[in-house]
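Asker: next input, structure requested:
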Amino acid sequence: MAIEGATVELVAALGGAAAAAALLGRSKWVVVPGLATLAAAEILLGLSLVTRADLEPAVSSAPRLAATALAAAALLAATFAFYRFPAWTPVALLVAAPFRVPVGFAGDDVLLLLPLYFVLTAAVLAYVVRVLRGAELKPIPFLFAGPAAAFTLLAAASLSWSTDVHNGTIELVFFLLPFSALAAVVARSPFERWTPRALATALVSLACAFTAIGLWQLKSGDLFFAPDLEVSNAYTTFFRVTSVFKDPSIYGRHLALAIVVLVAALWLERIGLLAGSALVAFLWIGLYFSYSQSSMVALGAGVLAVSLIVADAQSRRIVLATALAFVLLAVPVLLATGKDDSLRRLTSGRSDLVENAVDVIREHPLVGVGIGAEARESRELARAKGNRVRKPSHTTPLTVTAELGVLGMLAYLAFLAGGAVMLLRTYRQQDRALGLALGAAFLVLVVHSLFYSGFFEDPLMWGTLATAAAALLAPLGVAAQSPAAAGPTGLGRPAVAGQQSKEVF
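Answerer: Got it, this is the predicted structure:
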(Lines give C-alpha, C1' and ligand atoms only; values in the text may rest on other atoms or scores of the structure.)
Protein backbone atom coordinates (compact mmCIF):
# COMPACT_ATOMS: atom_id res chain seq x y z
CA MET A 1 0.00 0.00 0.00
CA ALA A 2 2.57 2.53 1.11
CA ILE A 3 5.68 1.27 -0.64
CA GLU A 4 6.43 -1.00 -3.56
CA GLY A 5 9.11 -2.22 -5.92
CA ALA A 6 12.69 -1.26 -5.21
CA THR A 7 11.63 0.66 -2.11
CA VAL A 8 10.35 -2.55 -0.52
CA GLU A 9 13.70 -4.20 -1.17
CA LEU A 10 15.58 -1.25 0.32
CA VAL A 11 13.39 -1.22 3.43
CA ALA A 12 13.90 -4.98 3.82
CA ALA A 13 17.68 -4.56 3.65
CA LEU A 14 17.51 -1.76 6.24
CA GLY A 15 15.38 -4.03 8.43
CA GLY A 16 17.98 -6.79 8.18
CA ALA A 17 20.77 -4.36 9.07
CA ALA A 18 18.69 -3.06 11.99
CA ALA A 19 18.14 -6.60 13.25
CA ALA A 20 21.89 -7.20 13.09
CA ALA A 21 22.51 -3.99 15.05
CA ALA A 22 20.00 -5.01 17.72
CA LEU A 23 21.67 -8.42 18.10
CA LEU A 24 25.32 -7.36 17.89
CA GLY A 25 25.17 -3.93 19.50
CA ARG A 26 27.14 -3.31 22.68
CA SER A 27 25.84 0.16 23.54
CA LYS A 28 22.46 1.84 23.67
CA TRP A 29 23.53 4.12 20.81
CA VAL A 30 23.52 1.05 18.55
CA VAL A 31 20.84 -1.20 20.02
CA VAL A 32 18.09 1.39 20.53
CA PRO A 33 18.37 2.90 17.01
CA GLY A 34 18.55 -0.65 15.69
CA LEU A 35 15.28 -1.62 17.38
CA ALA A 36 13.65 1.65 16.27
CA THR A 37 14.70 1.12 12.66
CA LEU A 38 13.58 -2.48 12.85
CA ALA A 39 10.13 -1.35 14.04
CA ALA A 40 9.91 1.20 11.22
CA ALA A 41 10.86 -1.45 8.65
CA GLU A 42 8.21 -3.78 10.09
CA ILE A 43 5.53 -1.12 9.73
CA LEU A 44 6.50 -0.12 6.20
CA LEU A 45 6.83 -3.69 4.97
CA GLY A 46 3.55 -4.61 6.64
CA LEU A 47 1.80 -1.71 4.92
CA SER A 48 3.13 -2.93 1.59
CA LEU A 49 1.17 -6.16 2.08
CA VAL A 50 -2.23 -4.67 2.86
CA THR A 51 -4.80 -2.47 1.19
CA ARG A 52 -6.75 0.43 2.62
CA ALA A 53 -9.71 -1.93 2.99
CA ASP A 54 -7.66 -4.04 5.43
CA LEU A 55 -7.06 -1.03 7.69
CA GLU A 56 -10.50 0.55 7.61
CA PRO A 57 -12.29 -1.99 9.88
CA ALA A 58 -10.28 -0.81 12.91
CA VAL A 59 -11.82 2.68 12.69
CA SER A 60 -14.97 2.02 10.66
CA SER A 61 -17.34 2.29 13.63
CA ALA A 62 -17.41 3.64 17.15
CA PRO A 63 -17.24 0.18 18.81
CA ARG A 64 -14.24 -0.83 16.69
CA LEU A 65 -12.52 2.48 17.32
CA ALA A 66 -13.09 1.94 21.04
CA ALA A 67 -11.67 -1.57 20.75
CA THR A 68 -8.58 -0.17 19.02
CA ALA A 69 -8.15 2.40 21.78
CA LEU A 70 -8.58 -0.33 24.39
CA ALA A 71 -5.89 -2.42 22.69
CA ALA A 72 -3.54 0.57 22.76
CA ALA A 73 -4.25 1.07 26.47
CA ALA A 74 -3.59 -2.63 27.10
CA LEU A 75 -0.29 -2.31 25.25
CA LEU A 76 0.76 0.58 27.47
CA ALA A 77 -0.21 -1.41 30.57
CA ALA A 78 1.77 -4.43 29.38
CA THR A 79 4.75 -2.19 28.62
CA PHE A 80 4.64 -0.79 32.15
CA ALA A 81 4.43 -4.32 33.59
CA PHE A 82 7.50 -5.45 31.65
CA TYR A 83 9.32 -2.28 32.64
CA ARG A 84 8.70 -3.04 36.32
CA PHE A 85 9.23 -6.80 36.07
CA PRO A 86 11.57 -7.43 33.12
CA ALA A 87 12.55 -10.92 34.28
CA TRP A 88 9.07 -12.14 33.35
CA THR A 89 9.62 -11.25 29.69
CA PRO A 90 10.76 -14.75 28.55
CA VAL A 91 7.91 -16.45 30.41
CA ALA A 92 5.26 -14.15 28.94
CA LEU A 93 6.62 -14.63 25.43
CA LEU A 94 6.66 -18.42 25.89
CA VAL A 95 3.03 -18.42 27.00
CA ALA A 96 1.95 -16.24 24.06
CA ALA A 97 4.05 -18.02 21.41
CA PRO A 98 1.76 -20.94 20.43
CA PHE A 99 -1.47 -19.05 19.85
CA ARG A 100 -2.65 -17.90 16.45
CA VAL A 101 -5.73 -15.77 15.82
CA PRO A 102 -7.78 -16.00 12.59
CA VAL A 103 -7.94 -12.60 10.87
CA GLY A 104 -8.58 -11.21 7.43
CA PHE A 105 -5.30 -10.01 5.98
CA ALA A 106 -4.33 -8.98 2.46
CA GLY A 107 -7.60 -10.31 1.08
CA ASP A 108 -7.27 -13.72 2.72
CA ASP A 109 -8.19 -15.42 6.00
CA VAL A 110 -4.99 -16.28 7.87
CA LEU A 111 -3.85 -17.33 11.32
CA LEU A 112 -1.47 -14.80 12.84
CA LEU A 113 0.60 -14.90 16.03
CA LEU A 114 -1.16 -11.79 17.31
CA PRO A 115 -0.81 -12.57 21.04
CA LEU A 116 2.94 -13.05 20.58
CA TYR A 117 3.31 -9.84 18.55
CA PHE A 118 1.39 -7.93 21.22
CA VAL A 119 3.57 -9.23 24.06
CA LEU A 120 6.74 -8.75 22.00
CA THR A 121 5.86 -5.15 21.17
CA ALA A 122 5.31 -4.37 24.86
CA ALA A 123 8.53 -6.15 25.83
CA VAL A 124 10.60 -4.25 23.25
CA LEU A 125 9.12 -0.90 24.29
CA ALA A 126 9.80 -1.65 27.96
CA TYR A 127 13.35 -2.73 27.19
CA VAL A 128 14.06 0.46 25.22
CA VAL A 129 12.75 2.61 28.08
CA ARG A 130 14.84 0.72 30.62
CA VAL A 131 18.00 1.11 28.53
CA LEU A 132 17.39 4.81 27.95
CA ARG A 133 16.93 5.25 31.70
CA GLY A 134 20.32 3.72 32.41
CA ALA A 135 19.75 -0.04 32.68
CA GLU A 136 22.77 -2.19 31.90
CA LEU A 137 23.03 -3.30 28.29
CA LYS A 138 24.64 -6.71 28.08
CA PRO A 139 26.40 -7.90 24.93
CA ILE A 140 24.81 -11.08 23.57
CA PRO A 141 27.31 -13.94 23.14
CA PHE A 142 28.67 -13.76 19.59
CA LEU A 143 28.16 -17.53 19.18
CA PHE A 144 24.46 -16.74 18.91
CA ALA A 145 24.30 -13.10 17.87
CA GLY A 146 26.82 -13.38 15.02
CA PRO A 147 25.22 -16.22 13.02
CA ALA A 148 21.71 -14.95 13.79
CA ALA A 149 22.57 -11.49 12.50
CA ALA A 150 24.31 -12.90 9.42
CA PHE A 151 21.39 -15.15 8.48
CA THR A 152 18.77 -12.45 9.03
CA LEU A 153 20.75 -9.88 7.05
CA LEU A 154 21.29 -12.29 4.15
CA ALA A 155 17.62 -13.29 4.10
CA ALA A 156 16.48 -9.65 4.16
CA ALA A 157 18.92 -8.67 1.41
CA SER A 158 17.76 -11.62 -0.72
CA LEU A 159 14.38 -9.95 -1.18
CA SER A 160 16.16 -7.86 -3.85
CA TRP A 161 16.57 -10.98 -6.02
CA SER A 162 13.59 -12.98 -4.78
CA THR A 163 11.21 -14.16 -7.49
CA ASP A 164 8.33 -13.96 -5.02
CA VAL A 165 8.63 -10.60 -3.28
CA HIS A 166 5.17 -10.84 -1.72
CA ASN A 167 5.82 -14.16 0.03
CA GLY A 168 9.35 -13.08 0.94
CA THR A 169 7.99 -9.93 2.56
CA ILE A 170 5.59 -12.07 4.59
CA GLU A 171 8.53 -14.17 5.82
CA LEU A 172 10.35 -11.05 6.96
CA VAL A 173 7.40 -9.20 8.50
CA PHE A 174 5.94 -12.07 10.47
CA PHE A 175 8.96 -14.18 11.31
CA LEU A 176 12.60 -13.21 10.80
CA LEU A 177 12.51 -9.54 11.75
CA PRO A 178 10.24 -9.76 14.83
CA PHE A 179 11.95 -12.90 16.08
CA SER A 180 15.33 -11.18 15.81
CA ALA A 181 13.92 -8.50 18.11
CA LEU A 182 12.61 -11.25 20.40
CA ALA A 183 16.08 -12.76 20.62
CA ALA A 184 17.70 -9.39 21.26
CA VAL A 185 15.35 -8.63 24.16
CA VAL A 186 15.16 -12.09 25.76
CA ALA A 187 18.92 -12.60 25.65
CA ARG A 188 19.39 -9.36 27.62
CA SER A 189 16.54 -9.94 30.09
CA PRO A 190 17.41 -10.37 33.78
CA PHE A 191 17.86 -14.04 34.58
CA GLU A 192 16.61 -14.99 38.04
CA ARG A 193 16.90 -18.14 40.10
CA TRP A 194 13.25 -18.93 39.44
CA THR A 195 13.41 -18.40 35.67
CA PRO A 196 14.08 -22.05 34.64
CA ARG A 197 11.30 -23.35 36.89
CA ALA A 198 8.84 -20.76 35.57
CA LEU A 199 9.70 -21.50 31.93
CA ALA A 200 9.42 -25.27 32.36
CA THR A 201 6.18 -25.01 34.30
CA ALA A 202 4.67 -22.76 31.62
CA LEU A 203 5.80 -25.09 28.81
CA VAL A 204 4.43 -28.25 30.43
CA SER A 205 1.19 -26.57 31.55
CA LEU A 206 0.51 -25.37 28.02
CA ALA A 207 1.28 -28.82 26.62
CA CYS A 208 -1.15 -30.44 29.09
CA ALA A 209 -3.87 -27.98 28.06
CA PHE A 210 -3.19 -28.67 24.38
CA THR A 211 -3.34 -32.42 25.03
CA ALA A 212 -6.67 -32.13 26.83
CA ILE A 213 -8.12 -30.19 23.89
CA GLY A 214 -6.67 -32.72 21.44
CA LEU A 215 -8.27 -35.63 23.30
CA TRP A 216 -11.57 -33.77 23.33
CA GLN A 217 -11.27 -33.39 19.56
CA LEU A 218 -10.65 -37.12 19.28
CA LYS A 219 -13.93 -37.79 21.06
CA SER A 220 -16.01 -35.06 19.43
CA GLY A 221 -14.56 -35.30 15.93
CA ASP A 222 -14.36 -31.51 15.67
CA LEU A 223 -11.23 -29.60 14.66
CA PHE A 224 -10.81 -25.84 15.02
CA PHE A 225 -8.51 -24.49 12.31
CA ALA A 226 -7.88 -27.45 10.00
CA PRO A 227 -10.69 -27.86 7.43
CA ASP A 228 -8.38 -29.71 5.03
CA LEU A 229 -7.50 -32.22 7.71
CA GLU A 230 -11.19 -32.73 8.52
CA VAL A 231 -11.68 -33.86 4.94
CA SER A 232 -8.62 -36.11 5.13
CA ASN A 233 -9.81 -37.66 8.39
CA ALA A 234 -13.08 -38.60 6.74
CA TYR A 235 -11.22 -40.86 4.31
CA THR A 236 -8.78 -42.54 6.69
CA THR A 237 -9.11 -45.23 9.34
CA PHE A 238 -7.48 -43.00 11.96
CA PHE A 239 -8.34 -39.52 13.22
CA ARG A 240 -5.59 -36.91 13.53
CA VAL A 241 -6.07 -34.09 16.03
CA THR A 242 -4.52 -30.63 16.03
CA SER A 243 -5.65 -29.10 19.35
CA VAL A 244 -5.47 -25.28 18.92
CA PHE A 245 -3.16 -25.53 15.92
CA LYS A 246 -3.76 -25.75 12.20
CA ASP A 247 -1.30 -28.57 11.60
CA PRO A 248 -0.88 -31.76 13.67
CA SER A 249 2.89 -31.55 13.21
CA ILE A 250 3.00 -28.18 14.98
CA TYR A 251 0.84 -29.60 17.75
CA GLY A 252 3.11 -32.62 18.03
CA ARG A 253 6.21 -30.43 18.15
CA HIS A 254 4.91 -28.54 21.20
CA LEU A 255 4.17 -31.80 23.01
CA ALA A 256 7.58 -33.25 22.10
CA LEU A 257 9.29 -30.18 23.60
CA ALA A 258 7.41 -30.56 26.87
CA ILE A 259 8.06 -34.30 27.07
CA VAL A 260 11.80 -33.95 26.52
CA VAL A 261 12.00 -31.27 29.24
CA LEU A 262 10.15 -33.62 31.61
CA VAL A 263 12.53 -36.45 30.75
CA ALA A 264 15.50 -34.21 31.57
CA ALA A 265 13.85 -33.29 34.88
CA LEU A 266 13.25 -36.96 35.66
CA TRP A 267 16.86 -37.93 34.98
CA LEU A 268 18.12 -35.12 37.18
CA GLU A 269 15.51 -35.87 39.88
CA ARG A 270 14.06 -32.38 39.68
CA ILE A 271 10.54 -33.80 39.66
CA GLY A 272 9.05 -36.80 41.46
CA LEU A 273 9.08 -40.08 39.58
CA LEU A 274 5.33 -40.64 39.87
CA ALA A 275 4.30 -37.12 38.89
CA GLY A 276 6.85 -36.86 36.09
CA SER A 277 5.97 -40.26 34.62
CA ALA A 278 2.25 -39.45 34.73
CA LEU A 279 2.80 -36.19 32.87
CA VAL A 280 4.99 -37.86 30.26
CA ALA A 281 2.37 -40.59 29.73
CA PHE A 282 -0.45 -38.06 29.37
CA LEU A 283 1.47 -35.94 26.86
CA TRP A 284 2.56 -39.03 24.94
CA ILE A 285 -1.08 -40.03 24.47
CA GLY A 286 -1.76 -36.58 23.03
CA LEU A 287 1.26 -36.86 20.75
CA TYR A 288 0.24 -40.30 19.54
CA PHE A 289 -3.10 -39.09 18.21
CA SER A 290 -1.42 -36.32 16.24
CA TYR A 291 0.13 -39.11 14.15
CA SER A 292 3.00 -36.72 13.47
CA GLN A 293 5.94 -38.81 12.31
CA SER A 294 8.32 -35.84 12.40
CA SER A 295 7.40 -35.05 16.02
CA MET A 296 7.87 -38.65 17.12
CA VAL A 297 11.27 -38.90 15.46
CA ALA A 298 12.32 -35.59 17.02
CA LEU A 299 11.12 -36.73 20.44
CA GLY A 300 13.04 -39.99 20.11
CA ALA A 301 16.23 -38.10 19.25
CA GLY A 302 15.76 -35.75 22.21
CA VAL A 303 15.05 -38.47 24.74
CA LEU A 304 17.97 -40.57 23.50
CA ALA A 305 20.38 -37.63 23.71
CA VAL A 306 19.27 -36.66 27.22
CA SER A 307 19.54 -40.22 28.44
CA LEU A 308 23.01 -40.76 26.99
CA ILE A 309 24.30 -37.49 28.47
CA VAL A 310 22.96 -37.90 31.99
CA ALA A 311 22.80 -41.63 32.58
CA ASP A 312 25.46 -43.64 34.38
CA ALA A 313 27.40 -46.30 32.48
CA GLN A 314 24.96 -49.13 33.17
CA SER A 315 21.88 -47.07 32.29
CA ARG A 316 23.61 -45.81 29.17
CA ARG A 317 24.17 -49.36 27.98
CA ILE A 318 20.51 -50.18 28.59
CA VAL A 319 19.38 -47.10 26.67
CA LEU A 320 21.66 -47.91 23.73
CA ALA A 321 20.55 -51.55 23.67
CA THR A 322 16.90 -50.53 23.74
CA ALA A 323 17.37 -48.00 20.93
CA LEU A 324 19.27 -50.53 18.83
CA ALA A 325 16.62 -53.20 19.40
CA PHE A 326 13.91 -50.75 18.37
CA VAL A 327 15.72 -49.92 15.13
CA LEU A 328 16.39 -53.58 14.34
CA LEU A 329 12.73 -54.39 14.84
CA ALA A 330 11.32 -51.28 13.16
CA VAL A 331 13.30 -51.46 9.91
CA PRO A 332 12.17 -54.98 8.89
CA VAL A 333 8.57 -54.15 9.81
CA LEU A 334 8.71 -50.98 7.73
CA LEU A 335 10.22 -52.80 4.76
CA ALA A 336 7.69 -55.62 5.01
CA THR A 337 4.64 -53.39 5.28
CA GLY A 338 5.85 -51.06 2.54
CA LYS A 339 7.27 -53.52 0.03
CA ASP A 340 4.48 -52.81 -2.44
CA ASP A 341 4.45 -49.05 -1.83
CA SER A 342 6.36 -46.36 -3.65
CA LEU A 343 9.00 -44.22 -1.97
CA ARG A 344 6.57 -41.32 -2.12
CA ARG A 345 3.94 -43.24 -0.14
CA LEU A 346 6.45 -44.56 2.40
CA THR A 347 7.68 -41.03 3.11
CA SER A 348 4.19 -39.45 3.11
CA GLY A 349 5.10 -37.50 -0.02
CA ARG A 350 8.32 -36.06 1.40
CA SER A 351 10.50 -37.68 -1.29
CA ASP A 352 8.71 -35.56 -3.90
CA LEU A 353 9.24 -32.45 -1.78
CA VAL A 354 12.97 -33.15 -1.54
CA GLU A 355 13.13 -33.58 -5.30
CA ASN A 356 11.43 -30.20 -5.73
CA ALA A 357 14.05 -28.39 -3.66
CA VAL A 358 16.94 -30.18 -5.36
CA ASP A 359 15.65 -29.03 -8.76
CA VAL A 360 15.57 -25.42 -7.57
CA ILE A 361 19.06 -25.67 -6.06
CA ARG A 362 20.51 -26.97 -9.32
CA GLU A 363 19.15 -23.94 -11.13
CA HIS A 364 20.28 -21.36 -8.53
CA PRO A 365 23.19 -22.79 -6.49
CA LEU A 366 25.05 -19.72 -5.18
CA VAL A 367 22.50 -17.32 -3.68
CA GLY A 368 19.26 -19.17 -4.35
CA VAL A 369 15.97 -17.78 -5.60
CA GLY A 370 15.50 -15.39 -2.69
CA ILE A 371 13.51 -15.58 0.52
CA GLY A 372 10.01 -16.98 0.19
CA ALA A 373 10.40 -17.96 -3.46
CA GLU A 374 10.92 -21.72 -3.34
CA ALA A 375 7.22 -22.54 -3.71
CA ARG A 376 6.85 -20.44 -6.85
CA GLU A 377 10.08 -21.75 -8.38
CA SER A 378 9.06 -25.36 -7.71
CA ARG A 379 5.80 -24.79 -9.56
CA GLU A 380 7.52 -23.05 -12.48
CA LEU A 381 10.12 -25.79 -12.89
CA ALA A 382 7.44 -28.45 -12.77
CA ARG A 383 5.44 -26.72 -15.49
CA ALA A 384 8.55 -26.19 -17.64
CA LYS A 385 9.34 -29.90 -17.48
CA GLY A 386 5.77 -30.93 -18.13
CA ASN A 387 5.45 -32.51 -14.71
CA ARG A 388 2.59 -32.13 -12.28
CA VAL A 389 2.70 -29.01 -10.13
CA ARG A 390 4.63 -29.71 -6.95
CA LYS A 391 4.66 -28.35 -3.44
CA PRO A 392 7.67 -26.65 -1.86
CA SER A 393 10.25 -28.50 0.22
CA HIS A 394 9.29 -29.76 3.65
CA THR A 395 12.78 -29.70 5.13
CA THR A 396 14.63 -26.66 6.44
CA PRO A 397 18.16 -27.35 5.09
CA LEU A 398 16.87 -27.73 1.53
CA THR A 399 14.51 -24.77 1.84
CA VAL A 400 17.37 -22.58 3.06
CA THR A 401 19.67 -23.74 0.27
CA ALA A 402 17.01 -23.31 -2.41
CA GLU A 403 16.17 -19.77 -1.29
CA LEU A 404 19.58 -18.49 -0.12
CA GLY A 405 21.99 -20.79 -1.92
CA VAL A 406 25.34 -21.96 -0.62
CA LEU A 407 25.77 -18.72 1.32
CA GLY A 408 22.52 -19.36 3.14
CA MET A 409 23.47 -22.93 3.95
CA LEU A 410 26.79 -21.76 5.43
CA ALA A 411 24.94 -19.19 7.55
CA TYR A 412 22.48 -21.88 8.65
CA LEU A 413 25.25 -24.29 9.63
CA ALA A 414 27.05 -21.52 11.53
CA PHE A 415 23.79 -20.79 13.35
CA LEU A 416 23.42 -24.44 14.38
CA ALA A 417 27.07 -24.75 15.44
CA GLY A 418 27.05 -21.51 17.42
CA GLY A 419 23.82 -22.45 19.16
CA ALA A 420 25.12 -25.91 20.05
CA VAL A 421 28.36 -24.55 21.54
CA MET A 422 26.47 -21.93 23.53
CA LEU A 423 24.10 -24.56 24.92
CA LEU A 424 27.07 -26.74 25.85
CA ARG A 425 28.60 -23.82 27.74
CA THR A 426 25.30 -23.25 29.55
CA TYR A 427 25.32 -26.89 30.61
CA ARG A 428 28.93 -26.85 31.77
CA GLN A 429 29.38 -23.35 33.15
CA GLN A 430 26.03 -22.23 34.48
CA ASP A 431 23.23 -24.66 35.21
CA ARG A 432 23.32 -28.35 34.40
CA ALA A 433 19.57 -28.88 34.40
CA LEU A 434 18.83 -25.73 32.42
CA GLY A 435 21.53 -26.48 29.85
CA LEU A 436 20.29 -30.04 29.44
CA ALA A 437 16.66 -28.99 29.01
CA LEU A 438 17.45 -26.19 26.56
CA GLY A 439 19.85 -28.41 24.61
CA ALA A 440 17.28 -31.19 24.36
CA ALA A 441 14.61 -28.72 23.25
CA PHE A 442 16.91 -27.28 20.59
CA LEU A 443 17.71 -30.78 19.33
CA VAL A 444 14.00 -31.58 19.06
CA LEU A 445 13.45 -28.42 17.02
CA VAL A 446 16.41 -29.13 14.73
CA VAL A 447 15.42 -32.75 14.07
CA HIS A 448 11.79 -31.78 13.56
CA SER A 449 12.82 -29.16 11.02
CA LEU A 450 14.53 -31.85 8.93
CA PHE A 451 11.08 -33.27 8.16
CA TYR A 452 8.86 -30.22 8.60
CA SER A 453 10.12 -26.85 7.43
CA GLY A 454 9.75 -23.84 9.68
CA PHE A 455 12.87 -23.71 11.83
CA PHE A 456 13.52 -19.98 11.60
CA GLU A 457 9.77 -19.33 11.66
CA ASP A 458 9.44 -20.89 15.13
CA PRO A 459 9.61 -18.36 18.00
CA LEU A 460 10.39 -21.18 20.43
CA MET A 461 13.67 -21.85 18.61
CA TRP A 462 14.75 -18.22 18.94
CA GLY A 463 13.57 -18.17 22.54
CA THR A 464 15.47 -21.33 23.41
CA LEU A 465 18.82 -19.94 22.27
CA ALA A 466 18.09 -16.48 23.66
CA THR A 467 17.36 -18.02 27.08
CA ALA A 468 20.69 -19.83 26.99
CA ALA A 469 22.38 -16.54 26.13
CA ALA A 470 20.62 -14.82 29.04
CA ALA A 471 21.79 -17.58 31.39
CA LEU A 472 25.39 -17.14 30.25
CA LEU A 473 25.13 -13.40 30.85
CA ALA A 474 23.76 -13.91 34.36
CA PRO A 475 26.01 -13.44 37.41
CA LEU A 476 27.77 -16.36 39.03
CA GLY A 477 24.83 -16.93 41.36
CA VAL A 478 23.33 -18.92 38.49
CA ALA A 479 26.34 -21.21 38.27
CA ALA A 480 25.96 -24.94 38.00
CA GLN A 481 25.97 -27.05 41.11
CA SER A 482 29.27 -28.46 42.22
CA PRO A 483 30.20 -32.11 41.64
CA ALA A 484 29.60 -32.75 45.33
CA ALA A 485 25.92 -32.07 44.80
CA ALA A 486 25.58 -35.01 42.43
CA GLY A 487 24.18 -38.28 43.62
CA PRO A 488 26.04 -41.58 43.67
CA THR A 489 24.94 -42.36 40.13
CA GLY A 490 26.08 -38.99 38.83
CA LEU A 491 22.54 -37.65 38.50
CA GLY A 492 22.04 -34.09 39.69
CA ARG A 493 19.94 -33.73 42.84
CA PRO A 494 18.13 -30.71 44.26
CA ALA A 495 20.61 -28.41 45.94
CA VAL A 496 20.75 -28.22 49.69
CA ALA A 497 20.92 -24.95 51.58
CA GLY A 498 23.84 -22.79 50.56
CA GLN A 499 24.47 -24.43 47.20
CA GLN A 500 24.07 -22.43 44.01
CA SER A 501 21.73 -24.33 41.75
CA LYS A 502 18.47 -24.09 39.87
CA GLU A 503 15.69 -26.56 39.45
CA VAL A 504 13.78 -27.17 36.27
CA PHE A 505 10.76 -28.03 38.40
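
Asker: shaky segments in the protein?
Answerer: Across the chain, residues meeting the criterion (pLDDT under 70) sit at 1-5, 52-60, 105-107, 330-331, 333-353, 382, 385-393, 476-505.

Asker: shouldn't Leu111 be within a strand?
Answerer: Yes: assigned with DSSP: H, G, I helix; E, B strand; the rest coil, Leu111 falls within a strand.

Asker: for the closest residue to it other than its chain neighbours, give me its contacts.
Answerer: With CB to CB, 6 or more residues apart in numbering as the criterion, Leu111 has its nearest non-adjacent residue at 3.8 Å, and that residue is Arg100. From N, CA and C alone the C-beta is placed, and that goes for glycine too. Each residue near Arg100 by CB atoms under 8 Å, 6 or more residues apart in numbering is listed here: Leu111, Leu112, Leu113, Leu114, Phe225, Val244, Phe245, Lys246.

Asker: what of Pro102?
Answerer: By CB under 8 Å, 6+ apart, the neighbours of Pro102 are Asp109, Val110, Leu111, Phe225.

Asker: tell me which of those is nearest to Leu450?
Answerer: The nearest member of the contacts of Pro102 to Leu450, counting by CB to CB, is Leu111 at 24.0 Å.

Asker: thought the closest one was touching Phe225?
Answerer: Yes: judged on CB atoms under 8 Å, Leu111 makes contact with Phe225 at a distance of 6.1 Å.

Asker: quick check: neighbours shared by these two?
Answerer: The contact sets of Leu111 and Phe225 overlap at Arg100, Pro102, Lys246 (CB under 8 Å, 6+ apart).

Asker: need those in a markdown table with distance to Ser61 and secondary structure, can you?
Answerer: Output for the shared contacts of Leu111 and Phe225, formatted as a markdown table (distance: CB to CB, whole Å; DSSP: H, G, I helix; E, B strand; the rest coil):
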| residue | distance to Ser61 | secondary structure |
| --- | --- | --- |
| Arg100 | 25 | coil |
| Pro102 | 20 | strand |
| Lys246 | 30 | coil |
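
Asker: any chance of those in a markdown table, plus distance to Leu268?
Answerer: Listed next are these as a markdown table, based on distance: CB to CB, whole Å:
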| residue | distance to Leu268 |
| --- | --- |
| Arg100 | 33 |
| Pro102 | 40 |
| Lys246 | 35 |
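
Asker: so which of those residues is the closest to Trp194?
Answerer: Arg100 (28.8 Å).

Asker: so how far is Thr242 from that closest one?
Answerer: Distance, Arg100 to Thr242, by CB to CB, to the nearest Å: 11 Å.

Asker: give me the common contacts of those two.
Answerer: By CB under 8 Å, 6+ apart, the residues touching both Arg100 and Thr242 are Phe225.

Asker: how many residues are close by the residue nearest to Ser294 when sequence neighbours are not counted?
Answerer: Using CB to CB, 6+ apart and skipping the chain neighbours, the partner closest in space to Ser294 is Phe451 (3.6 Å). For Phe451, the count of nearby residues is 20 (other CB atoms under 10 Å).

Asker: so Phe451 touches Leu398, yeah?
Answerer: No: under the criterion of CB under 8 Å, Phe451 makes no contact with Leu398, lying 11.1 Å away.

Asker: quickly note the distance from the residue located most distally from the centre of the chain to Thr68.
Answerer: Residue farthest from the centre of the chain, counting by CA atoms, centre = their mean, is Ala62 at 37.9 Å. The spacing between Ala62 and Thr68, counted by CB to CB, is 11 Å.

Asker: and Ala187, by the same measure?
Answerer: From Ala187 across to Thr68, the span is 32 Å (CB to CB).

Asker: those two - which one has more neighbours?
Answerer: In terms of neighbours (other CB under 10 Å), Ala187 is the more surrounded of Ala187 and Thr68; the figures are 28 against 13.

Asker: thinking again about what came up before, of the contacts of Arg100, just say which sits nearest to Ser27.
Answerer: Leu113 (30.6 Å).
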